[in-house]
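A.B. asks: I would like the atomic coordinates for the input below:
(one chain, ligands or ions: 4)
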Amino acid sequence: MSSAYDETAASKSPTRPRKTEPVTLAELAGEFGMDVRGDARVTGVTLSSQRVLPGDLYAALPGSRAHGASYAPGAVEAGAVAVLTDAAGAAQLAAEGLENTPLLIIEQPRKVLGALSARVYGNPSDRLRLIGVTGTQGKTTTTRLAESALLEAGHRAGVIGTVGTRIGGHDVKTTLTTPEAPDLHGLFGRMVEEETEACAMEVSSHALVMGRVDGVVFDVAVFLNLGRDHLDFHETVEDYFAAKADLFTPQRARLGIVNIDDEHGRRLAAEATIPIMSYALHDEGADWRATDVELRPDGSTFTVHGPGGLEFSAASPLAGDYNVSNTLAALASIHVAYSSAADAPEAADEVVRSVATALARGSGVPGRLERVDEGQPFTVVVDYAHKPDAVEAALGTLRPLTESRLIVVIGAGGDRDTGKRPIMGEISARLADHVIVTDDNPRTEDAASIRRQVLDGTTGGTASVEEIGDRRAAIERAISIAEPGDIVVVAGKGHETGQEINGVTHPFDDREVVRAALASH
Ligand SMILES: CC(=O)N[C@H]1[C@@H](OP(=O)(O)OP(=O)(O)OC[C@H]2O[C@@H](n3ccc(=O)[nH]c3=O)[C@H](O)[C@@H]2O)O[C@H](CO)[C@@H](O)[C@@H]1O[C@H](C)C(=O)N[C@@H](C)C(=O)N[C@H](CCC(=O)O)C(=O)O
Ligand SMILES: Nc1ncnc2c1ncn2[C@@H]1O[C@H](COP(=O)(O)OP(=O)(O)OP(=O)(O)O)[C@@H](O)[C@H]1O
Ligand SMILES: N[C@H](CCC[C@H](N)C(=O)O)C(=O)O
Ligand SMILES: [Mg+2]
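C.D. replies: Ligands and ions are numbered 1, 2, ... in the order given. Next up is the predicted model:
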């Protein structure tokens, strides 16, 4: 290995390994069946011209807005030593005056991108205990719980998902829930360098369809549930199920942990082509069960029953029975991840017992039933519920915990599935006492029209309803009317720190806005 590579910009980027063994275009072309023009020694891969580091292979892929080849000149300027593209991209490069740039050419380059990225970074995922979590609801919660409890129990753990990435307990900024394959394998490479043992990551259905987890074989894949979501991206629920089910095939995972309380989970357990272990709160036939469940406003305790008579107690820092289900999934997947052939037979039992004890010491999950407490005589909770099942779950959990009134501030995001809007309005007006319909991220849509669609759903409910478009004003109003014993829920944005309106993201954090409102209450 040349020590020069330690001097590259990669050594300063926390999203990449500091050191990689250079690989030549000729080697990559041979291994992945690509045409090659010229040669270069590649030390990294990226899909984004804006994140090129010197020595990178820039993957110029066709997209929905542009062909990546249009950004190749910028990529080369930033230090890319070669470009991976298709025939159309190669022609575009020539037209842009980049005819001498070393090239790898293949039809459908996205199909090789995952395996190629893994190769460039030295297949780091093979050296991690990898947990991949899919489902409509609960991915962030489950992965973050797994990571924080592993850390608390003394294991070096990482997590990748909607709230970003953490390596050894340190935040690393990533933007997609499931990063693109080159970024993902780079992150794994860094995790291996940081001596990470285990990584829990969210696998979105977009990621599966777009090949973002290609080149990864998960030690354990987890299926939480399937509800209404992303019907803007997947044409039918059947397509959406098929996208998620693809994770439970031998090329993607060695074993599946599946929630059989969920209708689609039962179907997956029957149809999957890898070994499956089931978990459930309600189905007594499941391999992993939780009994003696005690739900409190600030968390829950329960007894876990696993295979082979394994039994231990667990205490989760999160309220709600759905979070008991998420926690059970996290514990079962940790047990599987620590039960590889190379481990001593009892090792996984020991790990999962200590993790279950550590859970309550771990942090909660940002923006998931997150309480904002400034000593006020009522409760304020910020929750990322932005889909019908999530609104139902969060409000359904808080309703029986409410001594007086349940006040909900809610909206819906623009440029996303429109069908969910009235359903979210209906659920709010049925479960809450007072609903304030406001803006979420309008994106490029007319905010008033989105609110109208949410309001349309509220008409048959028992709650009183008002409309305040400005989200800050809506939150201030909710706080101003709250009385002792009330619970105020601010739904939809959770951990988000910005509000996107017409392409501009304005700083906005529900938790901070609540704190400011409480200060002047
Ligand atoms: C539908 C979708 O997922 N699109 C993703 C896709 O876009 P695209 O293929 O259409 O790309 P494009 O914008 O036409 O650009 C073409 C190419 O030029 C490149 N480019 C573009 C601009 C530039 O300056 N430089 C540059 O190199 C792009 O990286 C891309 O490779 O490839 C892009 C590059 O990686 C992604 O940023 C983009 O995600 C967009 C931003 C997105 O919003 N994705 C969401 C829907 C998403 O993936 N969400 C899921 C889960 C959500 C959930 O369940 O909650 C997630 O995993 O995050
Ligand atoms: N198992 C569950 N069943 C139903 N609702 C849930 C469950 N877990 C979490 N929720 C609700 O869904 C919201 C989002 O949870 P979380 O962020 O963990 O899910 P996610 O799958 O990562 O979502 P996203 O795809 O939007 O990132 C929570 O704030 C809560 O309201
Ligand atoms: N990953 C989700 C986040 C939605 C968050 C919510 N605040 C909204 O804007 O709808 C999406 O992009 O669909
Ligand atoms: Mg998530």
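A.B. asks: Leu151 against Val159, yeah?
C.D. replies: No - the criterion here is CB atoms under 8 Å, and Leu151 misses it with Val159 at 9.3 Å. Any C-beta I mention is one placed from the backbone N, CA and C, and that applies to glycine too.
A.B. asks: which residue, other than its chain neighbours, is closest to Glu426?
C.D. replies: Excluding the flanking residues, the one nearest Glu426 by CB to CB, 6 or more residues apart in numbering is Gly457, at 4.0 Å.
A.B. asks: and what of Ser339?
C.D. replies: Ala348 (4.0 Å).
A.B. asks: just the pLDDT for that neighbour.
C.D. replies: Per-residue pLDDT puts Ala348 at 96.
A.B. asks: what parts of the stretch 1-150 of the chain come near ligand 4?
C.D. replies: 139-140 (CB under 5 Å from the ion).
A.B. asks: where in the stretch 1-150 of the chain is pLDDT low?
C.D. replies: Residue ranges of the stretch 1-150 of the chain with pLDDT under 70: 1-12.
A.B. asks: repeat the analysis, applying 50 as the threshold.
C.D. replies: 1-7 (pLDDT under 50).
A.B. asks: what's the answer for the stretch 251-400 of the chain, then?
C.D. replies: Checking the stretch 251-400 of the chain against pLDDT under 50 turns up nothing.
A.B. asks: closest residue of it to ligand 3?
C.D. replies: Here the residue of the stretch 251-400 of the chain nearest ligand 3 is His386; by CB to the nearest ligand atom that distance is 4.0 Å.
A.B. asks: go on, the stretch 1-150 of the chain?
C.D. replies: Thr140 (9.8 Å).
A.B. asks: ok, and does the helix or strand encompassing that residue reach over to ligand 1?
C.D. replies: Secondary structure assigned from DSSP states H and E places Thr140 in helix 139-152. No - counting by CB under 6 Å from any ligand atom, ligand 1 is not contacted by helix 139-152; separation bottoms out at 7.6 Å.
A.B. asks: list the helices and strands that helix packs on?
C.D. replies: Secondary-structure packing of helix 139-152 (3 or more CB pairs under 8 Å, 6 or more residues apart in numbering; DSSP states H and E): strand 129-134, strand 157-161, strand 198-202, helix 321-337, helix 347-358.
A.B. asks: can you redo those as TSV with mean neighbour count and distance to Gly469?
C.D. replies: Output for the helices and strands packed on helix 139-152, formatted as TSV (neighbours: other CB atoms under 10 Å; distance: least, CB to CB, whole Å):
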stretch	mean neighbour count	distance to Gly469
strand 129-134	28	35
strand 157-161	27	30
strand 198-202	27	31
helix 321-337	27	30
helix 347-358	20	44
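A.B. asks: for Ile257, find the nearest of the ones you listed.
C.D. replies: Checking the helices and strands packed on helix 139-152 against Ile257 by CB to CB gives helix 321-337 as the closest, at 4.9 Å.
A.B. asks: so that closest one versus strand 129-134, what angle?
C.D. replies: Helix 321-337 runs at 150 degrees relative to strand 129-134, counting by axes from the mean of the first three to the mean of the last three CA atoms, to 10 degrees.
A.B. asks: measure the nearest residue to Ile468 once chain neighbours are set aside to ligand 3 for me?
C.D. replies: Leaving aside its chain neighbours, Ile468 sits nearest to Ala474 (4.1 Å; criterion: CB to CB, 6+ apart). As defined by CB to the nearest ligand atom, to the nearest Å, Ala474 lies at a distance of 14 Å from ligand 3.
A.B. asks: in PDB, list the C-alpha atoms belonging to whichever helix or strand Ala474 is part of.
C.D. replies: Using DSSP H and E, Ala474 sits within helix 471-481. Taking C-alpha atoms only, helix 471-481 is exported to PDB below (Å, rounded to 0.1, in the frame of the first residue of the first chain):
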ATOM      1  CA  ARG A 471     -46.300  26.100  11.400                       C
ATOM      2  CA  ARG A 472     -44.700  28.200  14.100                       C
ATOM      3  CA  ALA A 473     -48.000  30.000  14.800                       C
ATOM      4  CA  ALA A 474     -49.800  26.700  14.900                       C
ATOM      5  CA  ILE A 475     -47.300  25.300  17.500                       C
ATOM      6  CA  GLU A 476     -47.500  28.500  19.500                       C
ATOM      7  CA  ARG A 477     -51.300  28.300  19.500                       C
ATOM      8  CA  ALA A 478     -51.300  24.700  20.700                       C
ATOM      9  CA  ILE A 479     -49.000  25.600  23.600                       C
ATOM     10  CA  SER A 480     -51.000  28.700  24.400                       C
ATOM     11  CA  ILE A 481     -54.300  26.700  24.800                       C
END
